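K.L.:
return a 3D structure for these sequence lines:
(one chain, ligands or ions: 1)
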Amino acid sequence: MSSRKITLIGAGLNGPLLAIGLVRRGFQVDLFERRPDMRQVRMSAGRSINLALSTRGIHALNEAGLWDEMRRIVVPMAGRMMHSISSELTFQPYGKDAAEVIHSISRADLNIALLDAAEAAGVHVYFQRRCVGVDLKTGSLRLRDEETGVEREAQSTVVIGCDGSASAIRTEMMRLSRFNFSQQYLDYGYKELTIPAMPSGAHAMDSNALHIWPRGNYMLIALPNIDATFACILFLPFDGGDSFATLNTHAEVEKFFRSRFPDAAQLMPSLAENFFANPTGSMVTIKCAPWHVENRALLLGDAAHAIVPFFGQGINCGFEDCSRLLDLIDRHGAEWQQVFAEFEQSRKVNTDAIADLAVENFVEMRDRVADPRFLFRKKIELALEAKYPRLFVPKYAMVTFHRIPYSIALTRGTTQDQILTELCDSISRVEDLDWDRAESLIRSKLTPLELTA
Ligand SMILES: Cc1cc2nc3c(=O)[nH]c(=O)nc-3n(C[C@H](O)[C@H](O)[C@H](O)COP(=O)(O)OP(=O)(O)OC[C@H]3O[C@@H](n4cnc5c(N)ncnc54)[C@H](O)[C@@H]3O)c2cc1C
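P.N.:
Numbers count the residues shown, from 1 in each chain. Prediction:
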């Protein structure tokens, strides 16, 4: 079989984007997806979750020529809108100017746009075909027709597992000797809820922000949709005081929301129905290695590195994987062993870093954003960035608005946190910042960055 024929497993978000890039480089791509075609079958409730797209994801969509078209289905979010328990609002911009925004997009809309583009590019997409096994020595795949239950064999020379955090391809790799694998679940679950549009057809809250109700140990967030609804996600411990375990009746859910998120509760007429109709999801960090088996199989996206959602980077990171892999193919052609080895070598250090940053950011989102000292540090960060644009770039900006490798964002972020602590500890107004001290700390501890927006 020709090594220009590639089999992809999983037509979620990474599968179709990668497939488009491969077809454009002259490869023949078969893409197998276990679910029905979502353009024909409505997605199950509670699994549609909005995503925040940012620079890395947009860069990859741009490379595929898809971003301009997609602008129609995103809502820009310029900052976080914090809702206090007494319903006071505080807005904190994400970036230094109007260009530094993130984009809310419905997962279903993004998936549909990618599937349409993949088919238009010439990718063969087969739905309701679940990969139930792969022989990693011969490349023989077992695919089950989810409608009829019939299994058939398919031969592949190169298979790429884009099949998400419960990857079947990874499960096969785990049978090989010396395969490293770790998974770490959070003690928190998440639940999707909705704030409907107003009778006038407008958004019920500011549509240019990601809304957060930070409550210390848990939080609610809401992302705007183009149809004027908000997709909300409640992040709550599975067990303990305020937890999913204590919310068992309509009355308990309504009471909990009225006391903890009073302004949101008012905007959710079907709150309890939604709550019990939608599943409670779990969140996991998965790290594994190696990601490839010689020149025959590779893992990409969540299959290789699932992360928790608190930096809004899962798909941005996955799309960056696609860009990197395609770059390496441009450089080495179909020399798969070399391409896969270099891909893993360059990406894993960075996906490990964003995995750690994402866990860290959970505490920031659910707790620290409500702290006035934290908001003050953010102001100082922006002031330092304005004066030293290539030296001091806030951690959030390095991750979200630049394509600085995540591993560098992690290490520089730690150094910058120390600098901020030194500069902010004894002051409470930006005007009191000791600029001489700032200059000496920044110049002695940080080197200039190559900024790639
Ligand atoms: C609550 C939540 C919020 C999130 N928010 C953000 C965000 O704001 N920004 C962001 O960038 N990321 C976010 N993410 C992460 C993002 O959703 C994932 O990183 C992304 O979906 C991974 O894409 P993927 O294509 O690798 O996997 P998936 O999207 O999971 O797609 C995998 C596909 O493979 C198919 N499949 C699985 N097994 C098989 C099999 N055996 N045979 C055939 N097909 C199979 C599945 O049906 C699925 O279609 C969030 C995740 C969650 C859970």
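
K.L.:
rest of the way, CA atoms for contacts and neighbours
P.N.:
Noted.

K.L.:
can you map out the helices along the stretch 1-150 of the chain?
P.N.:
Here the stretch 1-150 of the chain has its helices, by DSSP state H, counting those that start in this stretch, at 14-24, 55-63, 67-70, 107-121.

K.L.:
give me whichever of those helices is most buried.
P.N.:
For the helices of the stretch 1-150 of the chain, average neighbour numbers computed from mean count of other C-alpha atoms under 10 Å are highest in helix 14-24, which has a mean of 24.

K.L.:
so can I have TSV of the helices of the stretch 1-150 of the chain showing mean pLDDT and distance to Phe401?
P.N.:
Listed next are these as TSV, based on pLDDT from 0 to 100; distance: least, C-alpha to C-alpha, whole Å:
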stretch	mean pLDDT	distance to Phe401
helix 14-24	98	20
helix 55-63	98	5
helix 67-70	96	16
helix 107-121	97	20
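
K.L.:
need those helices in a markdown table (columns: distance to Glu450).
P.N.:
Output for the helices of the stretch 1-150 of the chain, formatted as a markdown table (distance: least, C-alpha to C-alpha, whole Å):
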| stretch | distance to Glu450 |
| --- | --- |
| helix 14-24 | 26 |
| helix 55-63 | 15 |
| helix 67-70 | 24 |
| helix 107-121 | 30 |
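
K.L.:
out of the ones you listed, which is closest to Ala355?
P.N.:
Ala355 lies closest, by C-alpha to C-alpha, to one member of the helices of the stretch 1-150 of the chain: helix 55-63, at 15.5 Å.

K.L.:
get me the contact residues on the stretch 251-400 of the chain for the ligand.
P.N.:
Applying C-alpha under 6 Å from any ligand atom, we find that the stretch 251-400 of the chain lies next to the ligand at Gly301, Asp302, Ala303, Pro309, Gly312, Gln313, Gly314, Ile315, Asn316.

K.L.:
confidence score at the first one?
P.N.:
Okay, so that is Gly301. With respect to pLDDT, Gly301 scores 98.

K.L.:
that one is in contact with Asp321, isn't it?
P.N.:
Yes. Contact criterion C-alpha atoms under 8 Å: Gly301 and Asp321 qualify, at 6.7 Å.

K.L.:
about what we covered before: which stretch among the helices of the stretch 1-150 of the chain comes nearest the ligand?
P.N.:
Ranking the helices of the stretch 1-150 of the chain by proximity to the ligand (C-alpha to the nearest ligand atom) places helix 14-24 first, at 3.8 Å.

K.L.:
contacts made by the closest one with the rest, please.
P.N.:
8-9, 28-29, 31, 61, 64, 114-115, 117-118, 121-123, 162-163, 300-301, 315, 318-319, 322, 326 (C-alpha atoms under 8 Å, 6 or more residues apart in numbering).

K.L.:
now restrict these to buried residues only.
P.N.:
Taking 16 or more other C-alpha atoms under 10 Å as the criterion, what is buried in the contacts of helix 14-24 is 8-9, 28-29, 31, 61, 64, 114-115, 117-118, 122-123, 162-163, 300-301, 315, 318-319, 322, 326.
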